[in-house]
Structures are given as structure tokens and as C-alpha cells.
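**Student:** using only what follows, build the 3D model:
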Amino acid sequence: MFNPFTSPIIKKDLKVISRSMKFSWGLFAYEAVLTVVFLMSLSVMNITSSYSMGIRSNVDIYSGYIYFFPIVGVTELIIIALIVPIITASSISGERERKTMDVLLTTTISAPAIILGKIGSAVIRVMIFIIASLPLLSLSFLVGGLSWLTLFKYILLAFFFACFAGSVGIFASSVCRKSITAIILSYVIYLGIYGLPFVIWLLEYLVNIQRTKYYLTPFALMINPVFTFVVFFTGDMSNYNVPEELFNHSRGLLGFILGEGVYITMSQLLQLGLTAMFVCFAAMRIKPGKK
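**Tutor:** Modelled structure (predicted):
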């Protein structure tokens, strides 16, 4: 059974990371980007608050700080979506390029453990980035009034998203022999995952003459992490149920599924299923004897 605390793959990768200035500079650049976004958002909010106070005297100047959470959170997710493929898509193909893959396969580590170890090391790096941004995110909770449970749910969703993105990258890395090809393939797969639900949405929109209810689109969008986070942010910040309002179902079984909590849970289970599928395919590709 795979244990992330004893995995030699994770231990080796983390030792290499801890001794590399590249990771430190990457973390610095990540914090710099978030700081710039934070300061720009703060300036816009201060201008908006000053304008609102000039019109109404009972405006709470701190109420706008709640929006730091989605702004910084979305910036983090964009960075994760960009860097995880680069990290994982070069993991297996990089071993092949360095001529160390055959040596790795001769060890007692099984193919699934190698794949999970590579994903695990990438996810740990991503979570270090997420944890490093908590001081900026906490302003929305200390001043803006958001519940700390919302922050916990965000970190959990970000963890699942990192696993999902990592599985796509590791699958592309197991298929391609060159790292640059694997990175391109992983982005192509992302494009398909993100774009296919909207194609289904468009087709159902064209077929649905009355344009009142949608049946296939809500389930298709469950595989799209972007839509999952849209549902999460809007639901926790404004109590606006996007799936129910968008697809015009409020009763029956489909209405129950489109409830915010149920919909996010089902989308995460589906994305975890896709994660497991990509991991299994990648493990099959790197078994001894595979080219």
C-alpha cells in the first residue's frame, strides 16, 4: 500500500527541492505575483469604498475585504494550473531523457508507487505554495467576515485540484518520451477537459427549443474544475446557487443534485475518478517492457 510518508520517490524529490535555489526563487516569484495582485485589489477597493462613502455615510469600509479571497484564490488556481503540468509532465519523460528510467524500474518500487510518488511530490510543492499564501487570504477572514470553514474547504478543493492536474501531467509524461511534448500534451488534455463541457452546453442550448432546462450540461460540467470553483466561490460568498439558477432546476432529483454542497461533492468524486484513471493508465505505460 502506498504511503506518502515513506515513499522513497517523494523523499528523494523533496531532498532535491530543498537543496535547489530554483524552488526558492519560484516561491519568491509566486509570492511577488500574489502581492502585486493583492496591492492592486486593495487600491481598487479603497477607491470604491471612498466613492461609496461619499454617497452613503453608513458604508462599512471593511466589507470589500471579503473579495480578497476570490481574487487571490483564483490567482493561485491559475498559477497551479500553469505550473503543475510543467512539474509532473517532465517527471517520467525526464527520467527517460536522463536514461535513469530503466534503473528505477529495476528497484522494488512498483509502477503505481512510482506514479503516486511523482504526483505526491508535485502536490506537496503546490501545497507549500498554498500555505505560503495564507497570510494574504486570512485578511478576508479576519476583517472581511468570511467563515474559517470556507478557507478549509478552499484548501481541500485546491488539494484535489492539484492531484487532478498532476495526474493529467503524469499521464502525458508516461506517454511521451520528451518533456516538452508531454507538457504540450497535458495542456491539450486540459483544453479538452475544460472545453468539452461547454461544447455540450452549446449543443444542448441549440437543441433545447424552449431554452429553459438543461439535463446533460450540469453533469458534463462536473468534470470541469473551473466551474466547480465558480460554484464554490459564489455559493460561499453570496449564497447564490449557480447550478440551480443556471440550469433552471429546483425540484426533484436533479434539483437535489444541483444543490451547492451536493454538486461540489459529486464533481469532486468524478474528478477523483478521472485522477485514478489517469494514474492507472500511467502505471500501465511505465511497466517493464513498455516502450
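
**Student:** return the distance of the closest residue to Val175 other than its chain neighbours relative to Ser7.
**Tutor:** Counting by CB to CB, 6 or more residues apart in numbering, Val175 lies nearest to Arg285, which is 6.2 Å off, once chain neighbours are set aside. Every residue, glycine included, has its C-beta placed from N, CA and C. Arg285 sits 19 Å away from Ser7 when distances are taken as CB to CB, to the nearest Å.

**Student:** just confirm Arg285 contacts Ser174, I think it does.
**Tutor:** Yes. Using CB atoms under 8 Å, Arg285 makes contact with Ser174 at a distance of 3.9 Å.

**Student:** more neighbours, these two?
**Tutor:** When neighbours are counted by other CB atoms under 10 Å, Ser174 comes out ahead of the other of Arg285 and Ser174, with 28 against 18.

**Student:** and the helices in this structure?
**Tutor:** For the chain, helices defined by DSSP state H occupy the ranges 8-18, 21-55, 68-88, 91-97, 101-105, 111-132, 134-142, 148-175, 179-207, 217-220, 225-238, 242-247, 252-257, 260-285.

**Student:** show me what counts as buried in the last one.
**Tutor:** So the one you mean is helix 260-285. By 16 or more other CB atoms under 10 Å, the buried positions in helix 260-285 come out as 260, 263-264, 266-268, 271, 275, 278-279, 282-283, 285.

**Student:** report the lowest-confidence entry in those residues.
**Tutor:** Summarising pLDDT for those: the lowest-scoring member is Glu260, with 74.

**Student:** and that one, what does it touch?
**Tutor:** Under the criterion of CB atoms under 8 Å, 6 or more residues apart in numbering, the contact list for Glu260 reads 231, 235, 241-244.

**Student:** rewinding a little: how far away is the residue nearest to Val175 from Ala182?
**Tutor:** Per CB to CB, Arg285 is found 11 Å from Ala182.

**Student:** if we can go back for a sec, the residue nearest to Val175 and Phe171: what is the separation?
**Tutor:** Note on Arg285: its distance to Phe171, by CB to CB, is 8 Å.

**Student:** list the contacts for Ile189?
**Tutor:** Contacts for Ile189 were tallied using CB under 8 Å, 6+ apart; they are 168, 171-172.

**Student:** what do you get if the cut-off is 7 Å, keeping everything else the same?
**Tutor:** For Ile189, the contact set (CB atoms under 7 Å, 6 or more residues apart in numbering) comprises 168, 172.

**Student:** re earlier: top of the contacts of Glu260 by neighbour count?
**Tutor:** Using other CB under 10 Å as the neighbour criterion, Pro243 leads the contacts of Glu260 with 27 neighbours.

**Student:** hmm, back to that, just send the contacts of Glu260 back as TSV, with pLDDT too.
**Tutor:** Supplementary listing: the contacts of Glu260 in TSV, determined by pLDDT from 0 to 100:
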residue	pLDDT
Val231	87
Gly235	81
Asn241	79
Val242	81
Pro243	81
Glu244	78
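
**Student:** just give me the neighbour total for Ile78.
**Tutor:** By other CB under 10 Å, the residues close to Ile78 number 12.

**Student:** low-confidence stretches in the protein?
**Tutor:** Screening the chain residue by residue with the criterion pLDDT under 70, one finds the ranges 1-6, 45-65, 140-145, 209-212, 249-251, 287-291.

**Student:** list the contacts for the residue most central in space within it?
**Tutor:** Of all residues in the chain, the one closest to the mean position by CA atoms, centre = their mean is Phe161, 3.1 Å from it. Under the criterion of CB under 7 Å, 6+ apart, the neighbours of Phe161 are 77, 80, 225.

**Student:** surely Glu31 touches Leu134?
**Tutor:** No. Between Glu31 and Leu134 there is no contact, the gap being 11.4 Å when judged by CB atoms under 7 Å.

**Student:** these two: who's more crowded?
**Tutor:** In this view Glu31 and Leu134 are compared by other CB under 10 Å, and Glu31 has more residues nearby, 16 against 11.

**Student:** report the contact partners of the residue nearest to Tyr263 when sequence neighbours are not counted.
**Tutor:** Closest residue to Tyr263 apart from its sequence neighbours, by CB to CB, 6+ apart: Pro243 at 5.0 Å. Neighbour list for Pro243: 218, 231, 258, 263 [criterion: CB under 7 Å, 6+ apart].

**Student:** now do the closest residue to the second one other than its chain neighbours against Thr234, distance only.
**Tutor:** What that stands for is Val231. Using CB to CB, 6+ apart and skipping the chain neighbours, the partner closest in space to Val231 is Val242 (4.9 Å). Distance, Val242 to Thr234, using CB to CB: 5 Å.
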